[in-house]
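K.L.:
Sequence and predicted model, in that order:
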Amino acid sequence: MAEEAIIDPAHESGEGVRRRDFINIAAVSFAGAGGIAVLVPLISQMAPSADVLAESSTEIDISAIQPGQAIKAVWRKQPVFVRNLTAPEIKEADAVPVASLRDPQSLSDRTKAGKTNWLITMGVCTHLGCVPLGAGEGEVKGEFGGYFCPCHGSVYDTAARIRKGPAPKNLEVPPYEFTSDTVVKIG
Amino acid sequence: MSFPWAKEYNPSQPFMVWLDEKLPLPRFVYNAIGAGYPVPRNLNYMWNFGILAGFALVLQIVTGVILAMHYAANAGVAFDSVEHIMRDVNWGWALRYAHANGASAFFVVVYTHIFRGFFYSSYKAPREMIWLLGVVIFLLMMATAFMGYVLPWGQMSFWGAKVITGLFSAIPLIGEPLQQWLLGGFAPDNAALNRFFSLHFLLPFVILGVIILHVWALHIPGSSNPTGVEVKTESDTVPFHPYYTAKDGFGLGLFLLIYFAVVFFAPNALGHPDNYIAANPLSTPAHIVPEWYFWPFYAILRAFTADFFFIPAKLMGVLAMFSAILVWFFLPWLDTSPVRSGHYRPLFRKFFYLIVIDVLVLGYCGGSPAETKYVLISQIGATYYFLHFLVILPIVSSIEKPAPLPFSITESVLGKDEGAVLTANPAAA
Amino acid sequence: MVRLFGPLVGLFFAVALLWSFGVGLVQAIREPEAATAIQLFHKAPEEADFSFNGVFGKFERPQLQRGFQIYQQVCANCHSLKQVAFRDLAALGYNEAEVKAIAKNWPTKAKTFDPKTGDAGERANTPADHFPPVYYAGTGNPPDLSLITKARHEGPEYVASLLQGYTEQPAALLKQFPDAKTPEGLHYNPYFANLNIAMPPPLTDDAVTYSDGTKATLKQESEDVAAFLTWTAEPKLEKRRQTGWAVVGFLLVATVLAYLAKKNVWANAH
């Protein structure tokens, strides 16, 4: 409200006016600064809340996944693909020259040493966030034998690297560790 | 309408000229709360409360819309979702305390605004429509506040919902089915909570609409003023901007100081501890009371303890409680004194102070437990309440001899009004 | 019309009210309301010198930790704390590893449910979990304690007074109200709303051994747990007051400036 006080009827002159103008400008500036400060809580309330940020890590039992199979787990409310690669699939992934890829990464960059058969990636297409097919039983795996995103036709290979279609990046590898030979802790 | 000397909006920048031709919104604002609206020069600080009420509504809408982003209107999780807001949502505690105390602030401001209207008879012609719309706003506010109080689904929320909808069961024949229809069940539960949430979200925007009508109606005769003498000449007015924008800015600062002091240092002072206990349909709190702004009316409701001829006490209480507000609709025709301002009405003024004290006493009794002494006091208080508006005001306005009025607003401010004398007697010029 | 019917309606309500008043007054004189044992013997909570009292008050971390120790070792047997998550304990001054350990070692485990097999199971709590629910089959309904200090008038003082308030039922009470004898299984406590509480006295001197070496008197324990429960009810208390001072300070300056600006503007009008 005070901000409009700035327009003082202009029939005064001299020092008085300057001092008055200063006070009016200061009052308006304070009102403006206050208004901007109020925006901080109004905007930051939409950011993830403490309980969401505290979302714990997920532990997954992988003992039942046979080579060639994959499961979908949930981490931070998003799907995670855990895939037990077969030897031919590993060979196929290793055969691709890394430099020719859109997002150059080798399979060993994307897996843990000694556990190269366990490919753990987010099930979130790097194009616009759909869940690619290929992890579920009987789902289409796409022409490169990995994953296929039905939304806009992105195709991933057996190392879940982008090979074709609009997605810019390989499927993201979340932070994870093996707590034992059969349990993976994601996050 | 405006006064002939109102400044005309005259944009100089090409863009503003262009905009004025296509959508004269700046012109509208200029004429509503800008330099184009001439306002009596003698308004005192009681005239700040209209703007403050508008500000309080905006505050409630902004914080409310945000709370609705985090709140869950389901009886199973509503209470926990409020605690989620208080604990986990960024700044959630501040927003919720701002909203809960914002309701109280809104009512403080609106009650002051209403009693300003009582003292200065702001309801009188030509401003009846402003007053009527104002009473509608007040009724909508009460409904909104009640439904908002149900949402946290604490003990007071639940039992408030049960008791207030129980009022409708006093209505003969259709009462019981009506209560069940309002609740969507036999007791407050998911159905009631969800509809209250929906309506609590909707009604503030209805209030906003009626406020626009209220302000529109205000701009036809122009603002009233403490003398009650209508504006005669240009020297009686000053442009709203910058004079009243500056004054309202200062008033807003004071309001915010008090409001935020409560929000940050005593946020639960106006609430009730029982509402921090999750709703329990099997156990009523020992002492249930509504929020403070309903206390005077709650006292009137409870004042009827004996059946009156064939009318059950419960029905009388409900009728009286609603009538206590409905009588305000008839004020313009109950008080027929030609003089508006209480400053020039010695007898009226005494009764005005009486009704202020009476409403405060009723409020105190309404917030107290239903013990005999409080009930007896509220019976006397409620009797005076109805006599004041329906019997005393009409009588006072016909027998009272008002004090002499100033010739004009300018005269009341400066002690003389040369301009008006000249206008009134052009021959003397 | 209004001036004709208005006064009639007014008189109608006035007469009905005076009728109620008369009936009530006669009844009050004939059968004056007798004082009850609760009115005469219930006590308001005693003042306590908490560090968080007053607008500048702050929590004392060591006291909150002691209070948590009491909750953990005594209260948690019957009372839940379901609005609070283990991660929140970081605010008491515990580091991440300590919080993890508290969650992991909490005796009541988190429940799990496998939607494929339908099997229910258990797992250790994690910092993200809330304190697990507590089921209590005995007499009374131990309330959840998360919000208890906000759910009672003068909550922190109430909790501290109640815990120290167990006494024998006064002889004067039994003399005046022979029927008001504390029922079997309940305990007399003048700070409890109806004087008889189901909870047996939970604390005594040295009920716990404080890890920080503070002497565990009944008063100390009661105030420590009251402080802890004040934190559980209002974890943002300190941030709230801190923000409050910033806002009020800012508004004071802004309001003075607004006043001066208003004076400037009006200087031309008079």
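P.N.:
Arrived safely.
K.L.:
Remind me which helix or strand B:A187 belongs to.
P.N.:
Element membership for B:A187 (DSSP states H and E) is empty, with no helix or strand holding it.
K.L.:
Counting by contacts, list what the helix or strand where C:P156 lies packs against.
P.N.:
Assigned by DSSP H and E, C:P156 belongs to helix C:155-164. Where contact means 3 or more C-beta pairs under 8 Å, 6 or more residues apart in numbering or on different chains; DSSP states H and E, helix C:155-164 is packed against helix C:218-233. Every residue, glycine included, has its C-beta placed from N, CA and C.
K.L.:
Which secondary structure elements does the very next helix or strand once past the helix it packs on sit against?
P.N.:
Counting by DSSP H and E, the next helix or strand C-terminal to helix C:218-233 is helix C:237-267. With contacts defined as 3+ C-beta pairs under 8 Å, 6+ apart, helix C:237-267 has these neighbours: helix A:15-44, helix B:92-119, helix B:245-265.
K.L.:
Quick one: mean pLDDT for helix C:237-267?
P.N.:
Model confidence over helix C:237-267, given as mean pLDDT, is 96.
K.L.:
And stretch B:47-60, by the same measure?
P.N.:
Averaged over stretch B:47-60, pLDDT sits at 97.
K.L.:
Is it in proximity to chain C?
P.N.:
No - shown here: stretch B:47-60 not in contact with chain C (C-beta under 8 Å from any C-beta of the partner chain), separated by at least 10.9 Å.
K.L.:
now that stretch, how far from the centre of its chain.
P.N.:
Distance, stretch centre to chain centre, for stretch B:47-60: 10 Å (C-alpha atoms, centre = their mean, to the nearest Å).
K.L.:
what does stretch B:254-266 give?
P.N.:
Mean-position distance between stretch B:254-266 and its chain equals 20 Å (C-alpha atoms, centre = their mean).
K.L.:
which residues are contacting it?
P.N.:
Applying C-beta atoms under 8 Å, 6 or more residues apart in numbering or on different chains, the external contacts of stretch B:254-266 come out as B:52, B:55, B:94, B:97-98, B:101-102, B:104-105, B:109, B:269-270, C:55, C:240-241, C:243-245, C:247-248, C:251-252, C:255.
K.L.:
show me where pLDDT drops low in chain A?
P.N.:
A:1-17, A:56 (pLDDT under 70).
K.L.:
tell me the domain ranges of it?
P.N.:
Here the domain parsing of chain A from automatic domain parsing is A:2-44, A:52-186.
K.L.:
how near is the closest residue to A:S63 other than its chain neighbours to C:G54?
P.N.:
The shortest distance from A:S63 to any non-neighbouring residue, by C-beta to C-beta, 6 or more residues apart in numbering or on different chains, is to A:T182 (3.9 Å). In this view, A:T182 and C:G54 are 57 Å apart by C-beta to C-beta, to the nearest Å.
K.L.:
Residue 52 - how many residues pack around it?
P.N.:
No chain in the question, so chain A it is. Look at A:V52: counted by other C-beta atoms under 10 Å in any protein chain shown, it has 13 neighbours.
K.L.:
Switch to chain C, please.
P.N.:
When neighbours are defined as other C-beta under 10 Å, C:F52 has 19 of them.
K.L.:
and what of the one 4 residues further on?
P.N.:
C:F56 has 8 neighbours, counted by other C-beta under 10 Å.
K.L.:
Distance-wise, check the spatially closest residue to it that is not a sequence neighbour relative to B:Q180.
P.N.:
Distances taken as C-beta to C-beta, 6+ apart put C:R241 closest to C:F56, at 7.3 Å, once the chain neighbours are dropped. Relative to B:Q180, C:R241 is positioned 46 Å away (C-beta to C-beta).
K.L.:
cool, and C:G185?
P.N.:
Using C-beta to C-beta, one gets 40 Å for the distance from C:G185 to B:Q180.
K.L.:
and those two? which has more neighbours close in?
P.N.:
Neighbours per residue (other C-beta under 10 Å) separate C:G185 from B:Q180, with B:Q180 holding more: 15 against 11.
K.L.:
The more buried one and B:D189 touch, don't they?
P.N.:
No - look at B:Q180 against B:D189 with C-beta atoms under 8 Å: they stay out of range, at 11.7 Å.
K.L.:
intersection of neighbour lists for those two?
P.N.:
By C-beta under 8 Å, 6+ apart, no residue touches both B:Q180 and B:D189.
K.L.:
For burial, what's the neighbour tally of B:L414?
P.N.:
Other residues near B:L414 number 14, with proximity taken as other C-beta under 10 Å.
K.L.:
re earlier: other SSEs contacting the helix or strand just after the helix holding C:P156?
P.N.:
Next in sequence after helix C:155-164, counting helices and strands by DSSP H and E, comes helix C:171-176. Secondary-structure packing of helix C:171-176 (3+ C-beta pairs under 8 Å, 6+ apart): helix C:37-41.
K.L.:
Any part of the helix it packs on near chain B?
P.N.:
No - Helix C:37-41 does not reach chain B (C-beta under 8 Å from any C-beta); its nearest approach is 9.6 Å.
K.L.:
neighbouring contacts of the helix or strand just after that helix?
P.N.:
Going down the chain from helix C:37-41, the next helix or strand is helix C:61-73, by DSSP H and E. Contacts to helix C:61-73, defined as C-beta under 8 Å, 6+ apart, come from residues C:51, C:79, C:81, C:89, C:92-94, C:145, C:203, C:207-208, C:210-212, C:214, C:220-221, C:223-229, C:231.
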